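# Here is my input, please return the structure:
(chains A, B, C, D and E, ligands or ions: 5)
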Amino acid sequence: MTAATPSAAPILKIEAIVKNYGPITAVDHVSLDIREKEFFALLGPSGCGKTTLLRMLAGFETPTAGRVLLEGKDISPLAPEKRPLNLMFQSYALFPHMSVRKNLAYGLEMEKLARGEINRRVDDILSMTDLVRFADRKPEQLSGGQKQRVALARALVKRPKVLLLDEPLGALDKKLREKMQLELKRMQHEAGITFVIVTHDQEEALVMADRMAILKDGKLLQCGTPEEIYEQPADAFVANFIGVMNFIDGGVSEAGVFEAPGLALALAGVRSGKASLAVRPEHIVVSAAGGAFGGVVEEIAYHGLDRVLHVRTPACVQPLQVRVPADAGHRSGDTVGLTIDPAKVRLFQS
Amino acid sequence: MTAATPSAAPILKIEAIVKNYGPITAVDHVSLDIREKEFFALLGPSGCGKTTLLRMLAGFETPTAGRVLLEGKDISPLAPEKRPLNLMFQSYALFPHMSVRKNLAYGLEMEKLARGEINRRVDDILSMTDLVRFADRKPEQLSGGQKQRVALARALVKRPKVLLLDEPLGALDKKLREKMQLELKRMQHEAGITFVIVTHDQEEALVMADRMAILKDGKLLQCGTPEEIYEQPADAFVANFIGVMNFIDGGVSEAGVFEAPGLALALAGVRSGKASLAVRPEHIVVSAAGGAFGGVVEEIAYHGLDRVLHVRTPACVQPLQVRVPADAGHRSGDTVGLTIDPAKVRLFQS
Amino acid sequence: ADLVISNWDGYMAKDIAETFKAATGLEIEVVNHATNEEVMGKLMAGQGKGYDVVFVSSPFAEILNHQGMLAPIDKAAVPNLANLYPEAAALAYDPGNAFSVPYTWGTTGLCYRSDVVKTAPDSWMNLLQPSDDIKGKTTMLATDRWLMAAGLLAKGYSVNETDPAKIDEAKNLLIEAKKTLLAYDDTTFYSKLVSGEASLVHAWDGWCNYGITENKDIKFVVPKEGSDLWVDTIVVMKNSEKQAEAMKFINFILDAKNHAWAAENILYKVPNKAAMESLDPKLIEQYPNMGMSPAELTKYELLRDLGDAQKDYSRAVSEIKAAN
Amino acid sequence: MAYQTTRPNMLAAPAVLWLLAFMVMPCLLVLSYAFFQRGTWGGIEYTFTLDNFAHVFDPLYAKIFLNSARIALTTTVLAILIAYPAAYAISRAPRVRQPMLLFFAVLPFWSNYLIRTYAWIVLLNREGLLNGFLSFLGYQGEPLSLLYTETAVIIGLVYNYLPFVILAIYSTLSRLNPELMEASRDLGAGAIRTFWRVTLPLTLPGVAAGGVFVFVLSIGNFVTPALLGGGRFQMIGNLVYDQFLTANDWPFGAALGMALIAIMVALLFLQARATSHASGERQGEAT
Amino acid sequence: MSGMAKNRLPGRIVLLVVFGFLYLPIAVLVMLSFNESGLPTSWSGFSTRWYVSLAGNSEILHAAWNTLVVAIFATLISTVLGTLLAIGMETRARKSNGLEALAFAPMVIPDIVLAVALLTFFSRLNVATGLHTIILSHVIFDLAFVCSVVRARLKHFDFSIVEASRDLGASGWTTFWRVTFPVLLPSIIAGALLAFTLSVDEFIIAFFTAGPGRSSITLPMQIYSMIRFGITPEVNALATIVMAVSATALLLSQWLNKEQIQ
Ligand SMILES: Nc1ncnc2c1ncn2[C@@H]1O[C@H](COP(=O)(O)OP(=O)(O)OP(=O)(O)O)[C@@H](O)[C@H]1O
Ligand SMILES: Nc1ncnc2c1ncn2[C@@H]1O[C@H](COP(=O)(O)OP(=O)(O)OP(=O)(O)O)[C@@H](O)[C@H]1O
Ligand SMILES: NCCCCNCCCN
Ligand SMILES: [Mg+2]
Ligand SMILES: [Mg+2]
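Ligands and ions are numbered 1, 2, ... in the order given. Modelled structure (predicted):
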């Protein structure tokens, strides 16, 4: 064991972990370091192995291979109840025979805390999760979002070293979700809890996470800060998965110019050959006409605070998505000019 | 029954419907017209009665009061299986003893379709929901998002007149969700299905819905197109619930000027008295200094494609949220000037 | 079948149906009942429907008669009644065999292992207050009448005693006796003697003989205080539509050869003079109680139906069984 | 639930009609004898009386009831203690093998009650196999006299009704959502506390049903007390039996029967209320 | 799901011990059936004579056949009625005490009361008794046991799948067969096994409701009436055969099933 653990030291070290369900490989040699007190987000498409990974950390699945170190110690032999981490289940797994209050008190009773202390902490978490009114209800009498909050509260109230949250806020409305996000951040800072959180809400991940990992088909694709991942995606999949990304297939000339039908963009530090240019909708600027290249507005999607134009261009098969202010006043069928900032693109060359 | 139903005619007419669970009122005199072939979104905070409302439409709860007309006919006496609408359950309710394929075929078998037709439609929906590989698995062998897709597919494959979807996409990653959104829209147009969808994803609602309704504590607050609701929220709750909204409490002078500490804004068509000014983050423009009023940047949140500044001003207790481009280069502690466009604000006067 | 006959298992020759058919051309169907009580219950509840001839012990025959469920015995149709001992035609519950014909008879006493018991028993008290060497090695009959009879006889009362005070005394004696008792048993007591689990058991004479078959040291004795006379009888149901055939059947059974079968095989005495006289003397040598004469037997008191006193017996037996 | 308000009665109807026709009517007929007198020679004398009910309150019968209830309760507790782990183990075996295990648990009981009981006599005898086995193990003392004791009665009853409890408990364990147990472990409860606080309450309806089976079957049993108990123990079922068959006293048998049915139904109501409270009924399954 | 430290050893030990207990007397019984002397007291050599004599004992075989007929029909009817009753009771909006008592009653009515009552009833109505009346009577208590087992399972039943089925256009009947029934199947099997086991062993009610002739004698009736001579080893032989045949049939069907799947 290392002497004093600095804040950047890994509290949880996942080493080449694998989980097979018969012929199916759910998690495939994933190695990750999760640092003490950080907020770590796990992202990936449906079925990529997030839940399975968390279940292995919590001790409910035996890894087919690999191991998990908690503060430098292999926790494989530890029973779930002996691990200083808690899992919030994606499907909630609330105790149906207990009231909300009893569900929440359960974990504390296991720690043999005094009744008064338990009540105090349960009351706190009830009000934090807006569940005070529902304290005496049974789970079956709750709405979906209420159940999810009980599940979250039941894990939070334990204040373990590491909290594993499997889509903790998916069933909540935006306001409540934002409130919960703040509370989670507060707990991270005040109680020094390490969070590993699975979410499908990218904004949530980008806003909350100190670092995040992207999984696909059980494999780890990239791990880094939100900015790194958003701005320097490791591959086209990550680029496309996080945020919206336009891909323009073309080639780089000997002169270092990316070329596609109707488009030529001089780029620094690239080699010649086939390439795919990735550019985010907010990095394409629309002018009335005559930019670097142009196209026809096919569809306009209203996104509340701005609009996304789908512009058909000769450069690629898919219409390009271009973000414009909501009051920009474009209309379907308009011909527009587009300019791409070469500093804001990424080029994927095989 | 009316002769030919024009597209704007209500296919579903909900009349002052109420549902009490003992002393709890889950749905409180909600009246709604849902038009044929429209995409109708139901929004509201957790526990506001969305699921209960859908369950009454589907026939699983008897309304305490009120009634539901489908194409002009009261459907109260109809058993669930006799109603030409289908519900996708928030908790999925997959048949645990059937494979995915059998789950999907079930509803079609009930229509006594030919085997070949059933297989064809099931195969279509499997590939539409990316579930082909999982066709022979049992629900317990699926991930959360996979289960959700099976539940969705099971409702979709029936192609009923009206589809009630209770958070159909909440457990899916963004890419998949967008794909599903497109598919749903396609079904709306191609098969002429009326959708009533519960979602907590506002963007989803704003992008997809033709009209939407906001519920709170079982009561209907507002019903209208996404633009109407975003731009002309009926009350402060709706304004705050949909999108981000800054509220500045102050008063309107006799001259029709809204006044708050450090801020004066001339508005048309308002009466004097106490008032709350609502303005969206994207409608506040930041200048280096010396706008209409100003403040200090307290925090900067990174949202991927842009940043939100939290600016402390004398005008209100909460910091104002102001949306700026990601490359705007503000830093915590900066003093900034702010300008509010009077045409873009809403004033709530009691 | 022409006749439905209910009897205890093994109480008639296995080939009775064939021999009877050969003799009379009539078909019979034999069904078995486990106990008097069960078949009684069934006859009472079902008004005897479906049964033609039934074998029951005498007190039950008496009850059936009181209930008006029995057909009179047509003496003319049963000439073999003449084979019976005169004593068997004068039994108190049915003098003259008006509604029943005795099939077997015997008494109840003590059956014991002469090789184990230190002094040969001769009193009911040997059973109820056994000497130390056989404490916990005695059994008593479980059926209410015989159980009570042991207590009543020990006290010098009638086996049909109806005085509640006397019934109470017998009951108390029996409750005391329970403390030294291995078990109440009226089916396998003889095998307990054979296996050595028990040394002295309360037994019907015939069943003691089953023990003797397997162990020569087993002996039977009627206690000096006296005992009961039990009679298993044949009755015909009033609801039977085949009464004439039933009489033929009874007559067939009373044939000396057929009736002797019972004595030879179930080792019970039969009240049939002709049959008894035809027995191999060796049988009596081996099973001495088979040699008891009708005169000896009829010294003992017949078990009679108790009428209203039955309630007191039942309660007393419940109390004994519940005692600890 | 709207669509179910009429149907439940239709579902119950066939069984209800069956019971009304073949149980309620006949039993009312016979139980009505309780209001009449036994004839001197057995049978019913149709003179109205409440004497039979008065006799039911004889302390002797209360004693017999309590004693047999105690034996039945001991049996019930033991049966549950043995059956639960067995049912649990069966429910955790591979799903395809479960029906087979259940089947093998009941198979011995397709032989006959009497011959199984006789087999126990062979085992429990002073000269029996159990004592033989003990002395084989080097036991020197007096052979155990197990037979004709309360212990023997209880062994016999537990043995014969064990599979019923296994079946009942298995039925509630079979699709219990394993995530609930995992959640408990995750929250720091060890295997044992998880069992007490989560698994057991959720399977309590099965335990209760199985317990009821053993209790009612034991308290009404008369073969085992007669054979393994040497007739030294009187169960309440025996008492009613004796009134009808031995004493030929149907009126009193009917009164006793009625009292017994009333007490047992009342007990069952209490039990049902207690378990439904303790197990937080109707919920808790995920697919 | 669940791979929580999957250690099968303790489960196996438990099953070994419990099954050992369940089969202990059975081992004795099987042994006795091969005992030359037929006496429980001593082993006098291996013999199949009791099997030979069983083969010639048409009374026992006939009674065994009747028992099988009674148990099968009573089980079938009571499983259907009991399951429906259980579902009806558990889906009712409100508990009915009357229904509750009715469902408990067959379990607590002393056998003898039911036996006497039924025969009195049949006799008064001039219903001819026979195997059919035994079946009818057995259904009474069997259904209560089935109902009880199935109800225990329903206490934790997720009714949303029933709703989903109705929603997808299935009638109540179809929903029952395709959703409720298969999901309840383990309990229904448990209930049916229970009913069958009870029926196979029931004596007093069968005795009273059987017809007067031999035609409706069941094995328990036959065996009880044989008790005077102690149980003959033929009966042990019969029990041995019954169990061997059932076990073989089951193992065979399992094996065939597996073959089919592969
Ligand atoms: N069986 C019940 N008994 C009592 N109250 C209930 C019951 N079911 C729901 N409720 C309450 O009714 C209200 C509405 O519930 P509903 O499930 O319709 O909410 P919802 O809008 O779907 O919420 P969510 O978005 O969290 O799923 C909630 O406050 C809930 O607690
Ligand atoms: N018991 C099982 N048997 C077989 N395959 C399984 C089992 N459980 C999960 N899987 C498969 O393993 C893969 C990973 O599942 P997991 O639940 O970890 O996904 P996930 O990342 O949590 O997805 P989601 O976001 O949809 O919840 C999936 O493809 C799933 O189908
Ligand atoms: N329990 C009834 C015993 C009958 C006594 N009669 C003597 C011999 C009958 N087989
Ligand atoms: Mg998951
Ligand atoms: Mg809901």
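# roughly how far is the lengthiest helix in chain A from the heart of the chain?
In chain A, assigned by DSSP state H, the helix with the most residues is helix A:174-191. Centroid separation between helix A:174-191 and its chain, computed with CA atoms, centre = their mean, to the nearest Å, is 16 Å.
# Tell me what angle the next helix or strand after that helix forms with helix A:174-191.
Past helix A:174-191, further along toward the C-terminus, the next helix or strand under DSSP states H and E is strand A:194-198. Interaxial angle, strand A:194-198 versus helix A:174-191 (axes from the mean of the first three to the mean of the last three CA atoms, to 10 degrees): 150 degrees.
# The next helix or strand after strand A:194-198 and ligand 2, are they touching?
Scanning forward in sequence from strand A:194-198 by DSSP H and E, the next helix or strand is helix A:202-208. No. If you take CB under 6 Å from any ligand atom as the test, helix A:202-208 misses ligand 2, and the best it gets is 13.1 Å. Placement of C-beta: from N, CA and C, glycine included.
# Enumerate the residues of the stretch 151-300 of chain C near ligand 5.
Residues of the stretch 151-300 of chain C found near ligand 5 (CB under 5 Å from the ion): none.
# Can you check the pLDDT for residue 173?
Assuming you mean chain A. Note on A:D173: pLDDT of 91.
# You answered for a different chain; I wanted chain C.
97.
# That one against C:K155, yeah?
Yes. Using CB atoms under 8 Å, C:L173 is in contact with C:K155, at 6.6 Å.
# Return the alpha-carbon coordinates of the longest helix of chain A using PDB.
Output in PDB follows, covering the C-alpha atoms of helix A:174-191 (Å, rounded to 0.1, in the frame of the first residue of the first chain):
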ATOM      1  CA  LYS A 174     -35.100  18.600 -15.500                       C
ATOM      2  CA  LYS A 175     -35.600  20.900 -12.500                       C
ATOM      3  CA  LEU A 176     -35.400  18.000 -10.000                       C
ATOM      4  CA  ARG A 177     -32.500  16.500 -11.900                       C
ATOM      5  CA  GLU A 178     -30.600  19.800 -11.700                       C
ATOM      6  CA  LYS A 179     -31.300  20.000  -8.000                       C
ATOM      7  CA  MET A 180     -30.100  16.400  -7.500                       C
ATOM      8  CA  GLN A 181     -27.000  17.100  -9.500                       C
ATOM      9  CA  LEU A 182     -26.100  20.000  -7.200                       C
ATOM     10  CA  GLU A 183     -26.700  17.800  -4.200                       C
ATOM     11  CA  LEU A 184     -24.500  15.100  -5.500                       C
ATOM     12  CA  LYS A 185     -21.700  17.600  -6.200                       C
ATOM     13  CA  ARG A 186     -22.200  19.000  -2.700                       C
ATOM     14  CA  MET A 187     -21.800  15.500  -1.200                       C
ATOM     15  CA  GLN A 188     -18.800  15.000  -3.300                       C
ATOM     16  CA  HIS A 189     -17.200  18.000  -1.800                       C
ATOM     17  CA  GLU A 190     -18.500  18.000   1.700                       C
ATOM     18  CA  ALA A 191     -18.400  14.300   2.400                       C
END
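# show me what contacts D:R175?
By CB atoms under 8 Å, 6 or more residues apart in numbering or on different chains, the residues touching D:R175 are B:96, D:285, E:153, E:156, E:183, E:186.
# pLDDT wise, what is it at?
Value for D:R175, per-residue pLDDT: 79.
# Pretty sure it sits in a strand.
No. Going by DSSP: H, G, I helix; E, B strand; the rest coil, the assignment for D:R175 is coil, not a strand.
# Who wins on neighbours among the contacts of D:R175?
In terms of neighbours by other CB atoms under 10 Å in any protein chain shown, those top out with E:R153 at 29 neighbours.
# List the contacts of E:L219.
D:112, E:60, E:63-64, E:66-67, E:200, E:238.
# Inside helices: which ones of those residues?
E:60, E:63-64, E:66-67, E:200, E:238.
# beta partners for A:L43?
Residues in a beta bridge with A:L43, per DSSP bridges, are A:I214.
# Surely it and A:V196 touch.
No. Taking contacts as CB under 8 Å, A:L43 lies outside contact range of A:V196: 11.7 Å.
# ok, the two, which is more surrounded?
Neighbour totals were compared for A:L43 and A:V196, and A:L43 leads with 29 against 26 (other CB under 10 Å).
# The closest residue to A:R137 other than its chain neighbours: neighbour count?
Of all residues not flanking A:R137 in the chain, A:V100 sits nearest, at 5.7 Å (CB to CB, 6 or more residues apart in numbering or on different chains). Counted with other CB under 10 Å, the neighbours of A:V100 add up to 29.
# Just list the residues touching A:V100, thanks.
So A:V100 contacts A:126, A:131, A:134-139, A:142, A:150 (CB under 8 Å, 6+ apart).
# ditto for D:T117
D:T117 touches D:156, D:160, D:223-224, D:227-228, counting by CB under 8 Å, 6+ apart.
# For these, which single residue is the most surrounded?
Neighbour max across the contacts of D:T117 (other CB under 10 Å) = D:L228, 28 neighbours.
# B:D166 versus that one, what's the distance?
60 Å (CB to CB, to the nearest Å).
# now chain D, which segments are flagged as low pLDDT?
D:1-6, D:127, D:281-287 (pLDDT under 70).
# By residue count, what's the longest helix in it?
helix D:59-92.
# Is that helix in proximity to chain A?
No. Judged by CB under 8 Å from any CB of the partner chain, helix D:59-92 makes no contact with chain A; its nearest approach is 14.9 Å.
# touching chain B at all, the very next helix or strand once past that helix?
Next helix or strand after helix D:59-92 toward the C-terminus (DSSP H and E): helix D:98-106. No. Using CB under 8 Å from any CB, we find that helix D:98-106 stays clear of chain B, coming within 13.9 Å at best.
# and helix D:98-106, what does it pack onto?
Based on contacts counted as 3 or more CB pairs under 8 Å, 6 or more residues apart in numbering or on different chains; DSSP states H and E, the elements that helix D:98-106 packs against are helix D:59-92, helix D:150-173, helix E:9-33, helix E:181-201, helix E:233-261.
# Of all the residues in the longest one, which ones are buried?
This means helix D:59-92. D:60-61, D:63-65, D:67-69, D:71-72, D:74-76, D:78-80, D:82-92 (16 or more other CB atoms under 10 Å in any protein chain shown).
# Test for you: state the pLDDT assigned to the residue in chain A that ligand 1 sits nearest to.
Distances between chain A and ligand 1 by CB to the nearest ligand atom are smallest at A:G145, namely 2.6 Å. Predicted confidence (pLDDT) at A:G145: the value is 95.
# Now for the closest residue to ligand 5 within chain A: which residues touch it?
Taking CB to the ion, ligand 5 has its nearest neighbour within chain A at A:G144, 3.9 Å off. A:G144 makes contact with A:171, B:46, B:51, B:90-91, B:166-167, according to CB under 8 Å, 6+ apart.
# Mind doing that once more with 7 Å?
A:171, B:51, B:90, B:167 (CB atoms under 7 Å, 6 or more residues apart in numbering or on different chains).
# which other helices and strands contact the worst-scoring helix or strand of chain E on mean pLDDT?
Least confident helix or strand, chain E: helix E:233-261 with a mean of 82, by mean pLDDT, DSSP states H and E. Contacts defined by 3 or more CB pairs under 7 Å, 6 or more residues apart in numbering or on different chains; DSSP states H and E place helix E:233-261 against helix D:98-106, helix D:113-124, helix E:9-33, helix E:49-55, helix E:58-91.
# Ok, which of those helices comes nearest ligand 4?
Comparing the helices and strands packed on helix E:233-261 by CB to the ion, helix D:98-106 comes nearest, at 27.9 Å.
# Now do the buried residues in the closest one.
Neighbour-count burial for helix D:98-106 [16+ other CB under 10 Å]: D:98-106.
# Dump those into JSON lines; add distance to ligand 2 as well.
Output for those, formatted as JSON lines (distance: CB to the nearest ligand atom, whole Å):
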{"residue": "D:Q98", "distance to ligand 2": "18"}
{"residue": "D:P99", "distance to ligand 2": "22"}
{"residue": "D:M100", "distance to ligand 2": "23"}
{"residue": "D:L101", "distance to ligand 2": "22"}
{"residue": "D:L102", "distance to ligand 2": "24"}
{"residue": "D:F103", "distance to ligand 2": "27"}
{"residue": "D:F104", "distance to ligand 2": "28"}
{"residue": "D:A105", "distance to ligand 2": "28"}
{"residue": "D:V106", "distance to ligand 2": "31"}
